[in-house]
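In: Build me a model from this:
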Amino acid sequence: MNNRVKLWLRTTALMLHLTCVAIVGAAPAAVNENDVVGRWKLSFNPGDGDSESILTITRAESDLKAMFVRGERTFQVTSIKYQDGRLTFCTESQRDGQVSKATFEGKVEADTIKGDGSWDYNGNSGSFPFIGSREARKASAEALSLVLVPGKPNLTGAFDVGELGYEIEEFFISGTATSYKLAGEATADGKWEAVPATNAPYTTRIVVVRPKESAKFSGTAAVEWLNVTGGLDVPVDWNIAHREILRRGHAYVAVSAQKVGIDGNPMAQGGGPSALKKADPARYGRLNHPGDAHSFDIFSQAGALVKDTATSKILGPLVPNRVIAVGESQSAYFLTTYVTAVDPVAKVYDGFLIHSRFGNAPPMDANPFALFTGAGPVPRLRSDLRVPVITVITESDLLGFGPLKGYSQARQPDTDKLRVWEIAGSAHADNYVFSVGFIDSGTLPIEKLAAAFAPSFEMFGQKLPQAMNFGPQHHYVTEAALWQLDRWIKTGQAAPKGAALKLTQDKPPKLVTDANGIAEGGIRTPWVDVPTAILSGAGSMVGFGKPFDSATIERLYPGGKADYLKKFEASLDSAIQNGFIVPEDKTEIMGLASCSFPAKEDSTKAKN
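Out: You can find the predicted model right below:
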């Protein structure tokens, strides 16, 4: 047989083949079948030049399925088995009445394969070495199961969104989620490289809040990574920014991305008795979360589900043009790692609002409580961000408290894709977070809204040594951040840059304050530039608020209330012009200012 015929036989044997692949796993017996799920790129040279093929392994219910592609030809795999770390699959193809066969045997190490292959066609055979690697899997809605759950979940506060032109639905989504590991170190520059590690089945829930009328939909969907610090799912960013979401006509999607929100955890604050499966086992008993190492991919798949309106109808008839990821506190902690490591691979979201992160970020094993021990790397966001990101930082976040590392350790300058807004006079959590947001439908009389902002000395039923921060600037500036991020994505016009809060050179640093005890620098609002109280985030999660005595009020505003309101409005106009307050909020804010200015007789009582 001449060399030309032999070459033709080798080529035909791999194009028209019965492929039996045996991949020997490095792990011992009882390897999870989901560990081989993914898209593998194999390279080899059987004698006709370098060849690249794609081996795709998926899971359908309890069975593994596979497909092998070489060149432009696709072959359906007829059988596949994975047992004791060994994978075997076969395909069959015929041409001109002849059957071709090929066998690959190699060692799997994480996401790489290396070994030897052989081919057999029409009585002729040969061998060759091969190498392969598993590609990072992009989130896809096509692989997910979606089930609408009857009834309305209690997630969005004490007001009825139905009365505001919205409807709310809950879905269970099921699929296979990938965990990640780092290829290299968790460096301070945030340029982490994530590679797939393991795969596991999951079922979680998402809650969708959307306009009833398609004509009122803005084209933007905000997808929140629900906060689980208290041992249950809490929609903190919905609570803080729902007024902006509702008035713009955005859709909102809440994702139970983490295991604690579903199963609870005794390490969580409160012990997690209100986690979904504990609070309502009849409704949520079928949920299954494989662990927070898989939470990043679960969040990617939820975003893909929102975007893929051809496959998914979770937004009903609405078709989003922009899908924004949002998350506060512990969720921002996870989103920091998501942006640094996972987003370059997943490429799902069009922008990120990272709200109240601290210094550290979770490693890829995603221990949800490492935040509260100060563990984990302290990264900046990567300088080559893919999409726009706004990071909102309060004074509490900047300084840190207890074991929590302050964001000051991860500070970085703005870039063409990053804006960092440090809000003067703000606390990580305040009156709006703990109470006002739950009742603020946008329809409350201004007097009732102002009364809800009154100083509070209680948190979770416990007395505080001083009132928690009762200023509304955290709420209003966060609304502006979402507004500006959406505009940035939509128009390409970057959000405005904010000044940094001023810090001392102490270790750890402290805030530089003015003669009234208010922080200097940062995003300025009338509550700190035309103050009636010291508002701070220093020292704790809730910071503190301390009303001025009557002498200070009279010194600052000798003309009384009219003098105060004139100065307040000028400062408010400046904040609006600078882009840090949404213009539509002006009337309400001026109403609050009018209601909250201390009456002269009250100041006299305080003075005495």
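
In: Return the residues in contact with the nearest residue to residue 191 once chain neighbours are set aside.
Out: Sequence neighbours aside, residue 382 is the residue nearest to residue 191 in space, at 4.9 Å (criterion: Cβ to Cβ, 6 or more residues apart in numbering). The way it works is simple: take the backbone N, C-alpha and C, and place the C-beta from them, glycine included. Residue 382 makes contact with 189, 190, 191, 192, 339, 340, 344, according to Cβ atoms under 8 Å, 6 or more residues apart in numbering.

In: So which of those residues are in helices?
Out: The helices, defined by DSSP state H, take in residue 344 from these.

In: re earlier: quick check: the residue nearest to residue 191 is in a strand.
Out: No: residue state for residue 382 (DSSP: H, G, I helix; E, B strand; the rest coil) corresponds to coil; a strand is not indicated.

In: if we can go back for a sec, now which of the contacts of residue 382 would you call buried?
Out: If you count burial by 16 or more other Cβ atoms under 10 Å, the buried members of these come out as 190, 191, 192, 339, 340, 344.

In: between these, which is closest to residue 293?
Out: Residue 293 has its nearest neighbour among the buried ones among the contacts of residue 382 in residue 192, at 14.7 Å by Cβ to Cβ.

In: Return the per-residue confidence for that closest one.
Out: Per-residue confidence (pLDDT) for residue 192: 92.

In: That one and residue 365, how far apart?
Out: Between residue 192 and residue 365 the computed distance is 13 Å (Cβ to Cβ, to the nearest Å).

In: go on, residue 318?
Out: 36 Å.

In: Same question for residue 283.
Out: As judged by Cβ to Cβ, residue 283 and residue 365 stand 30 Å apart.

In: ditto for residue 292
Out: For residue 292, the distance to residue 365 - Cβ to Cβ - is 8 Å.

In: neighbour-wise, which of those two wins?
Out: For residue 292 versus residue 365, neighbours defined as other Cβ atoms under 10 Å are more numerous around residue 292 (21 against 15).

In: Look up the pLDDT of the residue nearest to residue 191 for me, please.
Out: For residue 382, pLDDT reads 95.

In: Neighbours of the closest residue to residue 455 other than its chain neighbours, how many?
Out: Leaving aside its chain neighbours, residue 455 sits nearest to residue 467 (3.7 Å; criterion: Cβ to Cβ, 6+ apart). By the criterion of other Cβ under 10 Å, residue 467 has 20 neighbours.

In: next one: residue 557
Out: Other residues within reach of residue 557 by the criterion other Cβ under 10 Å amount to 21.

In: Residue 450 contacts residue 589, doesn't it?
Out: No: counting by Cβ atoms under 8 Å, residue 589 is not a contact partner of residue 450; they are 10.7 Å apart.

In: Could you check which of these two is surrounded by more residues?
Out: Comparing residue 450 with residue 589 by neighbour count (other Cβ under 10 Å), the higher total belongs to residue 589, at 22 against 19.

In: I'd assumed the more buried one was in a helix, is it?
Out: Yes: under the criterion used here (three-state DSSP), residue 589 sits inside a helix.

In: Could you report the distance from it to residue 479?
Out: From residue 589 to residue 479 the distance is 11 Å (Cβ to Cβ).

In: just residue 170 next, same as before
Out: Residue 170 sits 25 Å away from residue 479, going by Cβ to Cβ.

In: now swap in residue 323 and tell me
Out: Separation of residue 323 from residue 479 (Cβ to Cβ): 19 Å.

In: now residue 87
Out: Residue 87 sits 52 Å away from residue 479, going by Cβ to Cβ.

In: Likewise for residue 499?
Out: Residue 499 is 19 Å from residue 479, by Cβ to Cβ.

In: Go through the contacts of residue 382 and say which is closest to residue 354.
Out: Among those, residue 339 lies closest to residue 354 (Cβ to Cβ), at 7.0 Å.

In: what's near enough to touch residue 535?
Out: Contacts of residue 535 (Cβ under 8 Å, 6+ apart): 425, 426, 427, 469, 470, 471, 473, 518, 527, 528, 543, 545.

In: can you tell me which helix or strand it belongs to?
Out: Element membership of residue 535, judged by DSSP states H and E, is strand 533-536.

In: strands paired with that strand, and their directions?
Out: strand 544-547 (antiparallel) (DSSP bridges).

In: Just give me how far the partner strand sits from the chain centre.
Out: Mean-position distance between strand 544-547 and its chain equals 32 Å (Cα atoms, centre = their mean, to the nearest Å).

In: what's the answer for stretch 208-227, then?
Out: On Cα atoms, centre = their mean, the centre of stretch 208-227 falls 16 Å from the chain's centre.

In: now the end-to-end length of that stretch.
Out: 16 Å (Cα to Cα, to the nearest Å).

In: Tell me the first helix or strand C-terminal of the host helix or strand of residue 482.
Out: In the assignment (DSSP H and E), residue 482 maps to helix 473-491. Scanning forward in sequence from helix 473-491 by DSSP H and E, the next helix or strand is helix 526-529.

In: who touches that following helix?
Out: 424-425, 471-473, 518-519, 535, 567-569, 571-572, 575, 589, 593.

In: which one of residue 170 and residue 479 has more residues nearby?
Out: When residue 170 and residue 479 are compared for neighbours, residue 479 comes out ahead with 22 against 19, by other Cβ under 10 Å.

In: list the contacts for residue 247?
Out: Contacts of residue 247 by Cβ under 8 Å, 6+ apart are 442, 584.

In: Looking at it now. What's its pLDDT?
Out: For residue 247, pLDDT reads 97.

In: Double-check that it belongs to a strand.
Out: No: counting by three-state DSSP, residue 247 falls outside a strand, being helix.

In: How much space separates it from residue 468?
Out: 27 Å.

In: what does residue 507 give?
Out: 27 Å.

In: The two - which one has more neighbours?
Out: More crowded of residue 507 and residue 468, by other Cβ under 10 Å: residue 468, with 23 against 6.

In: Double-check that the more buried one belongs to a strand.
Out: No: using three-state DSSP, the assignment for residue 468 is coil, not a strand.

In: need the contact list for the residue nearest to it when sequence neighbours are not counted.
Out: Spatial nearest neighbour of residue 468, chain neighbours left out: residue 542 (3.7 Å); criterion: Cβ to Cβ, 6+ apart. Applying Cβ under 8 Å, 6+ apart to residue 542 gives the contacts 396, 427, 428, 429, 430, 434, 459, 464, 468, 469.

In: Likewise for residue 386?
Out: Contacts of residue 386 by Cβ under 8 Å, 6+ apart are 343, 344, 347, 417.

In: Ramachandran coordinates for it?
Out: Backbone torsions for residue 386, taken as degrees, to the nearest 10, come to phi -80, psi -40.

In: How confident was the prediction at it?
Out: Predicted confidence (pLDDT) for residue 386: 96.

In: And for residue 534?
Out: pLDDT, residue 534: 98.

In: Mind listing the residues bridging to it?
Out: When bridges are called by DSSP bridges, residue 534 pairs up with residue 546.

In: and it, how many neighbours?
Out: 21.

In: same thing with residue 531?
Out: Around residue 531 there are 24 residues (other Cβ under 10 Å).

In: Pretty sure it sits against residue 517.
Out: No: assessed by Cβ under 8 Å, residue 531 is found out of contact with residue 517, at 9.1 Å.

In: about what we covered before: kindly provide the distance from the residue nearest to residue 191 to residue 489.
Out: The gap separating residue 382 from residue 489 is 18 Å, by Cβ to Cβ.
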